[in-house]
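Asker: predicted coordinates and the sequence they were generated for:
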Amino acid sequence: MDEFDYVIVGGGTAGCILAARLGAEPGVSVCLLEAGPKDSHPLIHIPAGFFKLVFDSPYTWRFESEPGPYTNGRRIPMPQGRVLGGSGSINGMIYNRGQAADYDLWSKLGNAGWSYPEILPYFKRSERREGGDSNYRGLDGQLPITDMAWDHPLAKAFMQGGQELGLPFNPDYNGASQYGVGTCQSTVDSRRRKSSARAFLYPMLKNGSVDLRTDVHVLKVVLEGKRAVGVSCKRGDTVSTVRARREVIVTAGAINSPKLLQVSGIGSGDHLQSVGIPVLHDLPGVGENLRDHFGARLVARVKPGVRTLNETARGARLLWQISRWAIGRGSVLHLGPIQAYLFGKSQPELSSPDFTIGLTSAMSKLGVPAKLDENSGLTLGGWQSRPNSSGYVRAASIDPFALPKIQPNYLTDESDRRVFIAAMKMSQRLLKTDALSSLIEQTVLPSEDINTDEEWIDFGRAYGASSYHYCGTCKMGAKEDRESVVDSELRVHGLSNLRVADSSVMPTSPSGNTNAPTMMIAEKAAEMILSSIHRSNAQVDRSI
């Protein structure tokens, strides 16, 4: 029977940082368990490999939603990384922290220590942003944050179009303000993706304090009374137990973390009993409060001669781009899905933006995500930055290998529908600006002008999709809040030696992608855990 100080379940964005930070502490042993394989596939490390990895890939959990009232009965794909590095190894590499007000709200909801001034140092600790403002940006961390490497006329026209509509140019949406238009920032170092596995974990593996195990499916958290003592897991045909002397830390993501707690007997007693799971700890909030950014995409075909990914990423042109990438020159292989951003306001009197529009210098085949069309074009994707619609993740049975039931309840909140409509209207106006319209031949989706709010909602019902920013399902909050699962130090209410530290603990959605704030959560969790070790050691010293 294996035993370590800390057992971390999930070798994704948060798990890799936690393992690295805890493993750096002298005398501390860590076991990191990841259900997927190592990140050895070459496409993982080529930024444009995103287009091949997110859908129908052995490196993802192929989750999908239940049909909802605003999705026309469709099941929405909700993939999540299933590989060392987690979604950070297969995502679009976008680095977007969200706004200061997001975290001030977390603090106001009763989570001491999570206001923007208090969490900013943890963002800065991770990142290395060349030329950044040191008041807001980290300059010497292990994670490189770079701007889009491909100088594209559509990105320039997009930003000029935004300024035509009255938005300011913003050179750093992760700085003092998010409002405006600017170039996308990515976790790309020179030619390669930099996941938290590559940036933080791999350097630490050399000292031997972290035992990394991949292709290991954790079956449940093992409880003795109200104390977590380890996990039961399966690798191949072998089932074993890995024990934790100090803590079990769950970092399996906003879908798998609540599901793991539930199949372990931790969750709503009514739900667990209904699917045949013995109730060991009744905690109603587990799996509730699921949030995600839901958006729709406008697609346009560009005029002949306008270069896009559609024509550049095939045939002889692709070979030329590969050769440029190989020698470190600007290439489409450097690119993720978004090249430029607009952060706008649905109402001018708002103090901060509430919707996001991203530009992709390509058009996909309609209904076939991430597969490029034969024609050259562009895509504008827009979504509500802080969705209020919430749903759930619920284990379907006691079987730890069964996929859970996922219901995000997209657009069920009236305010989400209002802001979604504003984002769609702004996208339509962008396409008609002088800067962009001069490059566009025809709008493909929607096929004709939409004029009414209800028509835009119908458009969302027919074409809306996840932005893959799941969070909230192990909500951080006061014990009195029936939806909360962990306290402000990420300890599971009512249990000892068990924490959750990933995007599932976010009480509300950040107004950006979830990868950056998940890193921040891991950094803060590591410091809280290390502080408890130091306090414990100090007490021992005093007693001696």
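Answerer: Arrived safely, thanks for sending.

Asker: for my notes, confirm V221 occurs in a helix.
Answerer: No. Under DSSP: H, G, I helix; E, B strand; the rest coil, V221 falls outside any helix and is assigned strand.

Asker: if I look at it, how far off is L280?
Answerer: The gap separating V221 from L280 is 9 Å, by Cβ to Cβ, to the nearest Å. For the C-beta atoms, the positions are set from N, CA and C on the backbone; glycine is no exception.

Asker: neighbour count: these two, which is higher?
Answerer: V221 (27 against 18; other Cβ atoms under 10 Å).

Asker: so what pLDDT did the more buried one get?
Answerer: On pLDDT, V221 comes in at 98.

Asker: report the contact partners of it.
Answerer: The contact partners of V221, taken as Cβ atoms under 8 Å, 6 or more residues apart in numbering, are V9, A228, G230, V231, V248, V250, L260, L261, S264, I266, L498.

Asker: skipping adjacent residues, who's closest to it in space?
Answerer: S264 (4.2 Å; Cβ to Cβ, 6 or more residues apart in numbering).

Asker: for that neighbour, what are its contacts?
Answerer: S264 touches K220, V221, V222, L223, L280, counting by Cβ under 8 Å, 6+ apart.

Asker: ok, now which ones touch G477?
Answerer: G477 touches L109, G110, N111, E483, S484, V486, D487, P507, counting by Cβ under 8 Å, 6+ apart.

Asker: got phi/psi on the fifth one?
Answerer: To tie it back to what came earlier, the one meant is S484. With angles defined as degrees, to the nearest 10, S484 sits at phi -80, psi 150.

Asker: my read is that E64 contacts T71, right?
Answerer: No. The criterion here is Cβ atoms under 8 Å, and E64 misses it with T71 at 10.8 Å.

Asker: what about those two, which has more around it?
Answerer: Remark: of E64 and T71, T71 carries more neighbours, 22 against 14, as counted by other Cβ under 10 Å.

Asker: what kind of secondary structure is the more buried one in?
Answerer: Per three-state DSSP, T71 ends up coil.

Asker: roughly how far does the residue nearest to I76 when sequence neighbours are not counted sit from G358?
Answerer: Once flanking residues are discounted, I76 sits nearest to S65: 4.3 Å by Cβ to Cβ, 6+ apart. Going from S65 to G358 by Cβ to Cβ gives 21 Å.

Asker: now the helices: where do they sit in the stretch 301-450 of the chain?
Answerer: 309-312, 315-326, 414-431, 434-437 (DSSP state H, counting those that start in this stretch).

Asker: lowest-confidence stretch among the ones you listed?
Answerer: Minimum mean pLDDT among the helices of the stretch 301-450 of the chain: helix 315-326, a mean of 66.

Asker: part of a strand, is A228?
Answerer: Yes. Under three-state DSSP, A228 falls within a strand.

Asker: low-confidence ranges in this structure?
Answerer: Scanning the chain for pLDDT under 70 picks out the ranges 1, 56, 149-150, 312-322, 324-331, 333-334, 367-370, 540-544.

Asker: need the single longest strand in it, by residues.
Answerer: Assignment by DSSP state E gives strand 238-250 as the longest strand of the chain.

Asker: still on that earlier bit, what is the burial count for the residue nearest to I76?
Answerer: 22.

Asker: next: L139.
Answerer: Going by other Cβ under 10 Å, the residues that sit close to L139 add up to 13.

Asker: which secondary structure state does it sit in?
Answerer: Going by three-state DSSP: L139 is coil.

Asker: hang on, isn't it packed against G132?
Answerer: Yes. Assessed by Cβ under 8 Å, L139 is found in contact with G132 at 6.0 Å.

Asker: how close does G287 get to I76?
Answerer: Here the criterion is Cβ to Cβ. By it, G287 lies 18 Å from I76.

Asker: actually G162, not the one I wrote
Answerer: 28 Å.

Asker: neighbour-wise, which of those two wins?
Answerer: Comparing G162 with I76 by other Cβ under 10 Å, the one with more neighbours is G162, at 29 against 19.

Asker: list the contacts of that one.
Answerer: F169, G180, V181, L342, L430.

Asker: next, give me the two most distant ones among those.
Answerer: Put simply, by Cβ to Cβ the two of these set farthest apart are F169 and L430, 14.6 Å from each other.

Asker: which one of those two is surrounded by more residues?
Answerer: Just comparing F169 and L430: by other Cβ under 10 Å the higher neighbour count belongs to L430, 26 against 12.

Asker: surely the more buried one touches I440?
Answerer: No. Contact between L430 and I440 fails when scored by Cβ under 8 Å: they sit 10.3 Å apart.

Asker: export the host helix or strand of G162 as CSV, just CAs?
Answerer: Using DSSP states H and E, G162 maps to helix 153-164. The C-alpha trace of helix 153-164 is given here as CSV (Å, rounded to 0.1, in the frame of the first residue of the first chain):
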residue,chain,number,x,y,z
PRO,A,153,-4.7,41.9,-41.8
LEU,A,154,-8.0,40.6,-40.5
ALA,A,155,-6.9,41.1,-36.9
LYS,A,156,-5.9,44.6,-37.7
ALA,A,157,-9.2,45.3,-39.4
PHE,A,158,-11.1,43.8,-36.4
MET,A,159,-9.4,46.1,-34.0
GLN,A,160,-9.8,49.1,-36.3
GLY,A,161,-13.5,48.2,-36.6
GLY,A,162,-13.9,48.1,-32.8
GLN,A,163,-12.4,51.6,-32.6
GLU,A,164,-14.8,52.8,-35.4
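
Asker: picking up where we left off before, overlap of the contact sets of V221 and L280?
Answerer: Joint contacts of V221 and L280 (Cβ under 8 Å, 6+ apart) are S264, I266.

Asker: chain center to stretch 254-272, what's the gap?
Answerer: Counting by Cα atoms, centre = their mean, to the nearest Å, stretch 254-272 is centred 21 Å from the centre of its parent chain.

Asker: buried stuff in it?
Answerer: 254-268, 271-272 (16 or more other Cβ atoms under 10 Å).

Asker: how long is that stretch end to end?
Answerer: 18 Å (Cα to Cα, to the nearest Å).

Asker: for stretch 283-292, same thing?
Answerer: OK, stretch 283-292 end separation, Cα to Cα: 22 Å.

Asker: what's the answer for stretch 137-152, then?
Answerer: Span of stretch 137-152 from end to end, Cα to Cα: 26 Å.
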